[in-house]
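S.K.: 3D model of this:
(2 chains)
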Amino acid sequence: MSYSFNVEKEILIVKIEEKRATIEFSGTLKDDLLKKIEQGNSNVIIDLSATEFVDSSFLGTLVAGLKKTAIKSGDLKIVDLQEPVRAMFELTRLYKIFEIFDTVEDALNSF
Amino acid sequence: MKISEKIVLSVPPDLKFTSTVENFVDVILPHFNVENSLSLANQLRSTLNEAFVNVIRHSPETLYELVEIIFEIDKLKLLIHFRDKGKGIQIQGHFPPYPNDFKNTTHKILETIDGEVVAYVEDSNTLQLNFNEHNVDEIDPQKLLEKAKEGGMGLSLIIKLMDRVRFVFETGKGNCLEITKILETER
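M.R.: This next block holds a predicted model:
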């Protein structure tokens, strides 16, 4: 499986298990993520520690998730970016709309 | 300018080959003696991903033929051509060839949170794409979130990462996304 879901302190943690987070699974991730948010998981952490490469399709999925959590008065936060992934957040300026943390624990404590 | 080498990659029009296209960077890069090649490799990997996906998503006519990607390698620059059988980019209701009075005009293609992709009409068959960047520091994050879209980032990424991006249409042959990257050679 390309990603896994886990709930800790009532916050949904999505661990991306792939080195490449791209269009090959971003569509199914989006469907699953939006369903989870709709079911009441309005606060979400995306753990990208294992990921070395992201494309615009995956980033679009994160934007869709963030917008959905905002509608539910929640938030979607990002954790542990490797350098090439951080570069993509900077290049797209998405770092302006996502809160980004070094560790899952830091992100958990920020809600 | 003399083109010293040309490499052609033909790939089935299926997203499962996206990583194959990305990994072609490892075939191309050894032909250059460039500074900061890790950064260049990442830029090219992203560009190849976004361009390949763009061709498959926006050119349904392509789905019945192999996608042809041509790499022209020069000492100072890399040219990447993505050929497809699509109709090209629609501007004000027109696909290429565009009306003559479109020449030297600029049109907005799409918006992202940090700016807009615009197309300058060089001639009736050729568009040059540019990115007009806005200063996001002056925009309230809440407004940015409202403005954020799931799609449209791919083309803007290619333009930001590369030095020149053009769409060239040839009647009967289709469309070609031409990407140029100027290379900083080692001194």
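S.K.: angles on the backbone of the closest residue to A:Val54 other than its chain neighbours, please.
M.R.: Nearest residue to A:Val54, sequence neighbours excluded (C-beta to C-beta, 6 or more residues apart in numbering or on different chains): A:Ala21, at 4.7 Å. To be clear about C-beta, it is placed using only N, CA and C from the backbone, and glycine gets the same treatment. Backbone torsions of A:Ala21, given as degrees, to the nearest 10, read phi -100, psi 100.
S.K.: let me know how buried A:Ala21 is, in neighbour terms.
M.R.: Counted with other C-beta atoms under 10 Å in any protein chain shown, residues neighbouring A:Ala21 total 28.
S.K.: so it touches A:Ser57, yeah?
M.R.: No: in this structure A:Ala21 lies outside contact range of A:Ser57 using C-beta atoms under 8 Å: 9.0 Å.
S.K.: wait, B:Cys81 sits on B:Ile70?
M.R.: Heads up, residue B:81 is His, not Cys. Yes: the criterion here is C-beta under 8 Å, and B:His81 meets it with B:Ile70 at 4.2 Å.
S.K.: who has more neighbours out of the two?
M.R.: Neighbours per residue (other C-beta under 10 Å) separate B:His81 from B:Ile70, with B:His81 holding more: 19 against 16.
S.K.: quick check: which element contains that one?
M.R.: Assigned by DSSP states H and E, B:His81 belongs to strand B:77-84.
S.K.: please work out the average pLDDT along that strand.
M.R.: Across strand B:77-84, the average pLDDT comes to 90.
S.K.: now the strands: where do they sit in chain B?
M.R.: B:5-11, B:67-73, B:77-84, B:106-112, B:115-123, B:126-133, B:164-170, B:174-182 (DSSP state E).
S.K.: which positions within the last one qualify as buried?
M.R.: By neighbour count on 16 or more other C-beta atoms under 10 Å in any protein chain shown, the buried set for strand B:174-182 is B:Gly174, B:Asn175, B:Cys176, B:Leu177, B:Glu178, B:Ile179, B:Thr180, B:Lys181.
S.K.: likewise for the fifth one?
M.R.: Buried positions in strand B:115-123, judged by neighbour count with 16+ other C-beta under 10 Å: B:Gly115, B:Glu116, B:Val117, B:Val118, B:Ala119, B:Val121.
S.K.: tell me the pLDDT of the first one.
M.R.: Spelled out, that is B:Gly115. Per-residue pLDDT puts B:Gly115 at 94.
S.K.: again, but for the last one
M.R.: Per-residue confidence (pLDDT) for B:Val121: 97.
S.K.: and if you look at the fourth one?
M.R.: The confidence metric pLDDT takes the value 97 at B:Val118.
S.K.: that one pairs with what?
M.R.: Beta bridges link B:Val118 to B:Lys108, B:Asn130, judged by DSSP bridges.
S.K.: quick check: phi and psi on A:Val85?
M.R.: Dihedral angles for A:Val85 - degrees, to the nearest 10 - are phi -70, psi -40.
S.K.: correct me, but it touches A:Thr51?
M.R.: Yes: counting by C-beta under 8 Å, A:Val85 touches A:Thr51, with 5.8 Å between them.
S.K.: what residues are shared contacts of these two?
M.R.: A:Ala21 (C-beta atoms under 8 Å, 6 or more residues apart in numbering or on different chains).
S.K.: so who does the nearest residue to B:Pro12 once chain neighbours are set aside touch?
M.R.: The shortest distance from B:Pro12 to any non-neighbouring residue, by C-beta to C-beta, 6+ apart, is to B:Leu66 (6.2 Å). Residues in contact with B:Leu66, defined by C-beta under 8 Å, 6+ apart, are B:Ser10, B:Val11, B:Pro12, B:Pro13.
S.K.: between those residues, which sits nearest chain A?
M.R.: Closest to chain A out of these is B:Pro13 (13.5 Å), distances taken as C-beta to the nearest C-beta.
S.K.: and the closest one, how many neighbours does it have?
M.R.: Counted with other C-beta under 10 Å, B:Pro13 comes out at 18.
S.K.: distance of it relative to A:Gly27?
M.R.: 17 Å (C-beta to C-beta, to the nearest Å).
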